[in-house]
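Visitor: Please find the sequence and the predicted model below.
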Amino acid sequence: MTVLGLGGSGHDWSSCATDGRRLVAVDEERVVGRKYGLGADLLAGRSRRAVLDQLGAAPEQVEHVVACDLVPRTFYHSFRRRVAVIDHHLAHAYSAFGASGLPRAAVLVADNSGSLVEGSKTGGGVREVETITGFVADSSGILPLHRVTGRHVVDGDSESAYYQPGETDNSLGHFYRAATLALGFAHTGPTTPHPVSEDGKTMGLAPYGDDRFVPEVAELVELLPDGEVRISAAKVSHVFERLVESGSFEDRAALAYAVQEVLGAAMVHCANALHARTGLPDLCIAGGVGLNSVANGRVLRETPFERLFVVPAAGDNGISLGCAYYGLHRLAGLPLDELPVLRDAYLGPVYSEQRIEAALAASGLAVRTGVDLIGRVAELLAEGRTVGWYDGGSEFGPRALGHRSILAAPFPAAMRAHLNDDVKHREWFRPYAPVIRAERAEDYFALAQPSPFMLIVAEVTRPDEIPAVTHVDGTARLQTLERPQNPPVYDLLGEFEALTGCPVLLNTSFNVAGRPIVETPEDALDAFAAMDLDHLVLGNRLVSKA
């Protein structure tokens, strides 16, 4: 049995293949080298080929292909009649609950816009779409309980059923996206005129702001009984542009602060309503809003839910994972409680030793083998060196979690400026994340549950000890690590603590601003050669520039 799931919606194209035991998934951006996969040739479908090759399955051996209805036919054209098409939010829900391993949970999906509402008119470029959906899920299936919809006005007059950029009413995703675009945080591909908002920058900027705009921004989001939300998309964009027309850093930070505050309150509102409907202790979150780790932290702290699971690919790349889970469950007949669970996010293809050796030989870089790699890297980090870390299959989703990472000591505070200014060349205000052994997490962070995918922000309780990973508001988006998830990095944390007394490392993605995270050994070596990094770990080898 081979199932292929395909995802994306104008950006974040991805593929996921499974045989019911293994999951292999990769973003199109990683294999084509362009952020968000913008301008990718979906007919060629390089991510599709990559996951099937890793699984050892030829296209003709794929029994079920599943895509959501926002994925263009070009991505699955070659499979023709073997394709099942499902709703966008249902695919998100499958990605979260299927990955969680929970026997029963509430599922909250919030994004920019999803599938057309049944019976929606599509003439004149106007349609009604799903924006927030609450589900209940158990071994028998995933059942929608409540749905918020909104009027979606696309750019231009189109009858297409596929996603097109535009303005969406009653959408928390559009609300935050509009603020991000007003702040100027956007990425546009070479052949794609519509910008992709880089919402993580808004989230990073928010703690530098004050509350001057909170009352006016809060008026834009009406929180109604039973989890209903009302937002005028056109009004939102107009107000945000006016609030930052001065261009001052203070006004821009204040807008980021306000939209973050209001988004968090809205997610708490929706989660509370879902808890009232289900009474369950566990909540799963998916959809692009699920990447807002600050809001996730508020949901965990401010609602009756006791445990929170956020799927690592919460955005539209995670649609391929949800579609694969749907295919296993609904088409191949596998019970939901027998789906392969995500214990880690390392779903990318694994590259052969022969390919790594060939890439190293071509690089001309100095390579050391046969050393106590973990011990030596711990020493280098303790000395203040920065190390690129490349191992196994890449992480699925936007966070580097120890297979495609840059690692550094979480002190001194100047380490953050060095990484932003000299290594990654990105905005000075953006924070870095800590990684810590799961059993030590409560010694440094106010979080009483695992955070393996770096999608929950919590208070740092010992900020003076780890200033390079403590944001200006005293919080951090932490990754907790258990040894089976990543033995080398787990052991590295132990060695680093033995040398320094600190059980925390700084962990950020192995890429330069504006580029995807590295995928192949060649990508890693090219990036290392071009970046101001001191060393690179490539599998069991220590690579240096001299």
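Guide: That came through, no problem. Numbers count the residues shown, from 1 in each chain.
Visitor: the helices in the stretch 51-200 of the chain, which residues?
Guide: 88-100, 172-182, 199-205 (DSSP state H, counting those that start in this stretch).
Visitor: in the second one, what counts as buried?
Guide: This means helix 172-182. In terms of neighbour count (16 or more other CB atoms under 10 Å), helix 172-182 has its buried residues at 172-182. Yep, even glycine has a C-beta here, placed from its N, CA and C like the rest.
Visitor: tell me which element residue 261 is part of?
Guide: helix 249-278 (DSSP states H and E).
Visitor: Flag every buried residue along that helix.
Guide: Within helix 249-278, judged by 16+ other CB under 10 Å, the buried ones are 251-275, 278.
Visitor: what's the offset of it from the middle of its chain?
Guide: 18 Å (CA atoms, centre = their mean, to the nearest Å).
Visitor: And for stretch 240-258?
Guide: Worked out by CA atoms, centre = their mean, stretch 240-258 lies 26 Å from the chain centre.
Visitor: what do you get for stretch 80-92?
Guide: 21 Å.
Visitor: likewise stretch 322-342?
Guide: Counting by CA atoms, centre = their mean, stretch 322-342 comes out at 21 Å from the chain centroid.
Visitor: and the helices of the stretch 51-200 of the chain as a markdown table, adding mean pLDDT and distance to residue 188?
Guide: Formatted as a markdown table, the helices of the stretch 51-200 of the chain follow (pLDDT from 0 to 100; distance: least, CB to CB, whole Å):
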| stretch | mean pLDDT | distance to residue 188 |
| --- | --- | --- |
| helix 88-100 | 98 | 23 |
| helix 172-182 | 97 | 11 |
| helix 199-205 | 98 | 15 |
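Visitor: So for residue 314, which of those sits nearest?
Guide: Proximity to residue 314 (CB to CB) singles out helix 88-100 among those, at 7.6 Å.
Visitor: Mind giving me the packing neighbours of that closest one?
Guide: strand 64-68, strand 104-110, strand 126-138, strand 141-154, strand 282-286, strand 307-310, helix 319-326 (3 or more CB pairs under 8 Å, 6 or more residues apart in numbering; DSSP states H and E).
Visitor: just these: most buried one?
Guide: helix 319-326 (a mean of 32; mean count of other CB atoms under 10 Å).
Visitor: Tell me the helix or strand right after it.
Guide: helix 353-363.
Visitor: and residue 476, how many neighbours does it have?
Guide: 29 (other CB atoms under 10 Å).
Visitor: That one belongs to a strand?
Guide: Yes - Residue 476: assigned to a strand according to DSSP: H, G, I helix; E, B strand; the rest coil.
Visitor: Tell me the spacing between it and residue 347.
Guide: Between residue 476 and residue 347 the distance is 25 Å, computed by CB to CB, to the nearest Å.
Visitor: do residue 92 as well
Guide: Residue 92 is 17 Å from residue 347, by CB to CB.
Visitor: More neighbours: which of those two?
Guide: Set side by side, residue 92 and residue 347 show unequal neighbour counts under other CB under 10 Å, the larger going to residue 92 at 36 against 25.
Visitor: Now that one: closest residue in space, sequence neighbours ignored.
Guide: residue 286 (4.0 Å; CB to CB, 6 or more residues apart in numbering).
Visitor: so the one you found touches residue 95, yeah?
Guide: Yes - using CB atoms under 8 Å, residue 286 is in contact with residue 95, at 5.4 Å.
Visitor: shared neighbours of those two, anything?
Guide: Overlap of the contact sets of residue 286 and residue 95 (by CB atoms under 8 Å, 6 or more residues apart in numbering) consists of 311, 314, 318, 322.
Visitor: And for the third one, the neighbour number?
Guide: Taking other CB under 10 Å as the neighbour definition, residue 318 ends up with a count of 32.
Visitor: Repeat that for the first one.
Guide: Per other CB under 10 Å, the neighbour tally for residue 311 reads 30.
Visitor: what's the answer for residue 41, then?
Guide: Residue 41: 10 neighbours (other CB under 10 Å).
Visitor: quick one: secondary structure of it?
Guide: Per three-state DSSP, residue 41 ends up coil.
Visitor: Quickly note the distance from it to residue 7.
Guide: 16 Å.
Visitor: and what of residue 425?
Guide: For residue 425 relative to residue 7 (CB to CB), the value is 30 Å.
Visitor: out of the two, which sits in the busier spot?
Guide: Between residue 425 and residue 7, counted using other CB under 10 Å, residue 7 has the larger neighbour count: 34 against 13.
Visitor: Now do the helix holding residue 261 against helix 172-182, angle only.
Guide: 170 degrees (axes from the mean of the first three to the mean of the last three CA atoms, to 10 degrees).
Visitor: Can you tell me the element the closest residue to residue 308 other than its chain neighbours falls in?
Guide: When the adjacent residues along the chain are set aside, residue 308 lies closest to residue 300, with 4.7 Å between them (CB to CB, 6+ apart). Using DSSP H and E, residue 300 maps to helix 293-302.
Visitor: quick one on the thing from earlier: tell me the pLDDT of the residue nearest to residue 92.
Guide: Residue 286 carries a pLDDT value of 98.
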